[in-house]
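Visitor: next come a sequence and a model predicted from it.
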Amino acid sequence: MANEAGVGCTGGQGQAGRTGSARAAARPKRPSELLGRRREELGLSLNDVASRLGISPYVYATWERTPVKDLDDDALTAVMGALEMDAVQRARLRHLAGERYSADADRAPLRPSGPVPPSAPVRRPAPARPPGPLHPPVPVHPPVPAPPSRPEEPADPATQAYLRDYAALMDAVPLPSVLFDRRWDVAHTNPAFDALFRGVGPHPTAMPHQNFLRFVLFHPDAPRVLAEHDTSWCLPLMAQLAGLLEGEPDEVLQAVRDDIALDPIMDAAYRCGLPLWMSAVGAEAIHHDGAVRPVHHPDPRWGTTDCRVVDETPARLEAKGYTRLTLVLRENRSATPGVRQGKTRLRAVSGG
């Protein structure tokens, strides 16, 4: 009977109503469906999109299966760019994610501008509503893990005050400096540190101001800043991670190890290459303090240069599990002939 009532409208209107209903039924109703359908329209595989985003196919496949509202804004913007979405598709995705966006900012005009000729009003039947209260849909998939957050402030007011004053001290230092806890969750970075990593693109879990270990290991832009990335930065931090995992169990650090295992090359480097590298360079090479490591500074006044890593952690913060590192930059060596540039991917076995 409902169909007969719909056909009872004027002929053209009834046909338009049926066409609109068909289009609405074909439209994806969940953000995950919109991502998968758009990827298929472009003829892209999961690997193709993951390569554009600089993440693993496993991680991107997880994004397609989970609510888009659980992605942070940087990751959502990156996905829309990788899938080459136009303004209408972006607005549709954000609408399905449950966010509010103004039509004039994110939605392309659906009709040409200019006056619209008047037309007689058309009376449409009111849509039928089911009896009883409407309930929100039950989510089908579990949410993705939230990006790592900054360490919680100590409960001790005296320590909180000390950290605030110590942050002011770090900001006054003209060299890149960072303060992180035993899990490498970053508590504070100074302006010089932010300037060193200013060209780094978005990433949901591995930004340099979030977790320095994850940035070094997983961010595709890390080799653009950290020269000789594998041997000077990845392997020393992997060795420190392995040492911590041998001690008291820690779910957060174990999660980093699990993410390493998802990449066959990184996993082979951790299991096989790391012991060989440590036997070749010695145990002292894994420590930060005093190590000389190369960087690519975006400021041409520094360019590609070496920096000495200096551990400046005061005893009071060290007792709380914090570490403060300062990178003492040296004179620009970009023009020096014969400078070896670092690889952008870990090898399964690397001795230095």
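Guide: The structure has been received and is ready for your questions.

Visitor: phi, psi for Leu163 please.
Guide: Main-chain dihedrals, Leu163, degrees, to the nearest 10: phi -60, psi -40.

Visitor: give me the neighbour count for it.
Guide: Neighbours of Leu163 under the rule other C-beta atoms under 10 Å: 21. Placement of C-beta: from N, CA and C, glycine included.

Visitor: just the one 3 residues further on next, same as before
Guide: Using other C-beta under 10 Å, Tyr166 has 19 neighbouring residues.

Visitor: my read is it is in a helix, agree?
Guide: Yes - under DSSP: H, G, I helix; E, B strand; the rest coil, Tyr166 sits within a helix.

Visitor: quick one: it and Ser279, what's the gap?
Guide: 38 Å (C-beta to C-beta, to the nearest Å).

Visitor: swap in Val310?
Guide: 27 Å.

Visitor: what's the answer for Leu35, then?
Guide: Taking C-beta to C-beta, one finds Leu35 at 46 Å from Ser279.

Visitor: please parse the protein into its domains.
Guide: 14-106, 157-329 (automatic domain parsing).

Visitor: which stretches of the protein have low pLDDT?
Guide: For the chain, the stretches with pLDDT under 70 are 1-32, 66-72, 97-155, 332-352.

Visitor: and the strands in it?
Guide: For the chain, the strands defined by DSSP state E cover 177-180, 186-189, 292-296, 304-311, 323-329.

Visitor: identify the residues contacting the first one?
Guide: Identification of contacts with strand 177-180 by C-beta atoms under 8 Å, 6 or more residues apart in numbering yields 151, 166-167, 170, 186-190, 192-193, 208, 211-212, 312, 317, 322-327.

Visitor: drop anything exposed from the residues you listed.
Guide: Among the contacts of strand 177-180, those classed as buried by 16 or more other C-beta atoms under 10 Å are 151, 166, 170, 186-190, 192-193, 208, 211-212, 317, 322-327.

Visitor: hmm, back to that, for the strands of the chain, which one sits closest to Ala61?
Guide: Proximity to Ala61 (C-beta to C-beta) singles out strand 186-189 among the strands of the chain, at 28.2 Å.

Visitor: partner strands of the closest one, with direction?
Guide: strand 177-180 (antiparallel) (DSSP bridges).

Visitor: out of the domains of the chain, which is the most enclosed?
Guide: Highest mean neighbour count of those: domain 157-329, a mean of 17 (counted as mean count of other C-beta atoms under 10 Å).

Visitor: please report how far Arg224 lies from Met207.
Guide: Taking C-beta to C-beta, one finds Arg224 at 14 Å from Met207.

Visitor: hey, what's in contact with both of those two?
Guide: Common neighbours of Arg224 and Met207 (C-beta under 8 Å, 6+ apart) are Val200.

Visitor: how close does Leu35 sit to Ala172?
Guide: From Leu35 across to Ala172, the span is 45 Å (C-beta to C-beta).

Visitor: could you dump the strands of the chain to a markdown table with distance to Trp63?
Guide: A markdown table is the format used below for those (distance: least, C-beta to C-beta, whole Å):
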| stretch | distance to Trp63 |
| --- | --- |
| strand 177-180 | 27 |
| strand 186-189 | 24 |
| strand 292-296 | 29 |
| strand 304-311 | 34 |
| strand 323-329 | 32 |
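
Visitor: nearest to Thr231 among those would be which one?
Guide: strand 292-296 (9.5 Å).

Visitor: the closest one vs strand 323-329, what angle?
Guide: Angle of strand 292-296 versus strand 323-329, following axes from the mean of the first three to the mean of the last three C-alpha atoms, to 10 degrees, is 70 degrees.

Visitor: for strand 292-296, packing partners?
Guide: Applying 3 or more C-beta pairs under 8 Å, 6 or more residues apart in numbering; DSSP states H and E, one finds that strand 292-296 contacts helix 222-225, strand 304-311.

Visitor: understood, closing this out.
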